[in-house]
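>>> This is the structure alone, sequence omitted:
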Ligand code: NIG
Ligand code: FE
């Protein structure tokens, strides 16, 4: 048994509703807190001295903190593409001179250029790249991250990516997602429908048997896959037993409606969602995952996070870290910037990267500091939890514990 503390403040994120707006007074803030840990999970949370006194005389390891730290559940980044090769600084420079994301893709940049670079690397090289980026996430307080394939776009290269993600050696728990339906690869000889059939018939059964992922994602957009092609694909994918997530409503509306129809776990992006889409998402069980890093990377307005919450949606916030639309990768910084533009309460921003993003990954053992959950903790050097958001990502974690182990 180990006791970590005392923390100046501990923000548990416990006892909050999964959907809708959150007032800051709903946050459970425990002063002078301790966390009791058995193996990798939380045994008890409460007043430090009280927890310590319960073990008087018995053996108890102390992970003693002699500075003022404020602790939160480890952050959960529910949408990333951190397994990629090369750089798209050239795309970015073109964007700064006025070209759009879609124009740049048509001129030989975009997703396809990253696919070409990613295909050139070995599984081991991709694994190393993923580990380096995962460790960067960890420094920023992220203890669980979803990672998509989608830069292989052939049976063989998608398997290479998924195996690299699965084998990556890092303290961060990585949740792999198969995004073979990112775009139809330019070298595929056949129609978009035929490409989707090929990945469904030739790739997904291997993904299943090798247990490489239980989540399938698709990018619905004019430049990627249509709603009707996606519908046909996702029906079959669901029958294979995969959970579904969708890149939807990024530049045009449509993906969110299909996500609801397909009972997807989440629909991600939503920059283009109109009021009807917002209401429909809010009245469904689909989690709205917004990606401020993609708005910052593309220089476009943020997704309507405030409206989604007010309509009653479950709002998760993720980094979308990728070489094209979201090269920045700093989830906490992006979430706090989104918060000030969209007028999110501190509770809403924090829930978006902890309890609610855990739900977006269907993980019910984290995102909240409570008995039974794994002891993933991030702590900042301050005496007031609001300071962390106020510093807009500049204040970096002082300490991170993964499964109870100090890193
Ligand atoms: O989530 N929108 C589609 N996919 C990624 C971008 C990928 C890329 O540009 O490389 C996204 O923004
Ligand atoms: Fe994405």
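Good, I have the coordinates. Here the structure is a predicted model, which means the values were calculated and not measured. Residues are numbered from 1 along each chain as shown. Ligands and ions are numbered 1, 2, ... in the order given.

>>> Now do the contacts for residue 295.
Residue 295 sits next to 271, 301-303, 338 when contact means CB atoms under 8 Å, 6 or more residues apart in numbering. (Each C-beta comes from the backbone N, C-alpha and C, glycine too.)

>>> Sticking with the residue nearest to residue 291 when sequence neighbours are not counted, tell me its helix or strand.
Nearest residue to residue 291, sequence neighbours excluded (CB to CB, 6 or more residues apart in numbering): residue 320, at 3.8 Å. For residue 320, there is no host helix or strand (DSSP states H and E).

>>> Who are the contact partners of the spatially most central residue of the chain?
Residue closest to the mean C-alpha point of the chain, counted by CA atoms, centre = their mean, is residue 78 at 1.8 Å. By CB under 8 Å, 6+ apart, the contact list for residue 78 reads 146, 266, 289, 316, 318, 357, 360-361.

>>> For it, give me the pLDDT.
pLDDT, the model's per-residue confidence, is 99 for residue 78.

>>> how much space is there between it and residue 371?
For residue 78, the distance to residue 371 (CB to CB, to the nearest Å) stands at 24 Å.

>>> Equivalent analysis for residue 181, please.
40 Å.

>>> Look at these two and report which has more neighbours.
The neighbour comparison of residue 181 against residue 371 (other CB atoms under 10 Å) goes to residue 181, with 28 against 11.

>>> I figured the more buried one hits residue 193, correct?
No. At 11.4 Å, residue 181 does not count as touching residue 193 under the criterion of CB atoms under 8 Å.

>>> What sits closest to the residue of the stretch 301-407 of the chain found nearest ligand 1 if chain neighbours are left out?
Residue nearest to ligand 1 within the stretch 301-407 of the chain: residue 324 (2.2 Å; CB to the nearest ligand atom). Counting by CB to CB, 6+ apart, residue 88 is the residue found nearest to residue 324 once chain neighbours are left out, at 5.1 Å.

>>> how about the contacts of residue 78 in CSV, adding neighbour count and distance to residue 116?
As requested, those are exported to CSV (neighbours: other CB atoms under 10 Å; distance: CB to CB, whole Å):
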residue, neighbour count, distance to residue 116
146, 30, 24
266, 29, 29
289, 30, 28
316, 28, 31
318, 30, 26
357, 32, 31
360, 29, 31
361, 28, 30
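
>>> coming back round to it: out of the contacts of residue 295, which end up buried?
Among these, the ones that count as buried by 16 or more other CB atoms under 10 Å are 271, 302-303, 338.

>>> Would you map the strands across the stretch 1-150 of the chain?
With DSSP state E, counting those that start in this stretch as the criterion, the stretch 1-150 of the chain has strands at 2-11, 29-38, 41-47, 61-64, 69-73, 75-77, 142-148.

>>> Highest mean neighbour count out of these?
Burial among the strands of the stretch 1-150 of the chain, expressed as mean neighbours by mean count of other CB atoms under 10 Å, is greatest for strand 75-77, which shows a mean of 30.

>>> what separates that strand from the chain centre, distance-wise?
6 Å (CA atoms, centre = their mean, to the nearest Å).

>>> still on that earlier bit, for the residue nearest to residue 324, give me its contacts.
Contact analysis of residue 88 by CB under 8 Å, 6+ apart lists 109, 113-114, 323-324, 327.

>>> same check, this time on residue 336
The contact partners of residue 336, by CB under 8 Å, 6+ apart, come to 349, 389, 391-393.

>>> Check residue 29 too.
Listed by CB under 8 Å, 6+ apart, the contact set of residue 29 reads 9-11, 385.

>>> same thing with residue 84?
Counting by CB under 8 Å, 6+ apart, residue 84 makes contact with 114, 117-118, 129, 151, 322-323.

>>> Confirm residue 395 sits in a strand?
No. Counting by DSSP: H, G, I helix; E, B strand; the rest coil, residue 395 is not part of a strand but coil.

>>> thought it was touching residue 384?
No. Look at residue 395 against residue 384 with CB under 8 Å: they stay out of range, at 11.2 Å.
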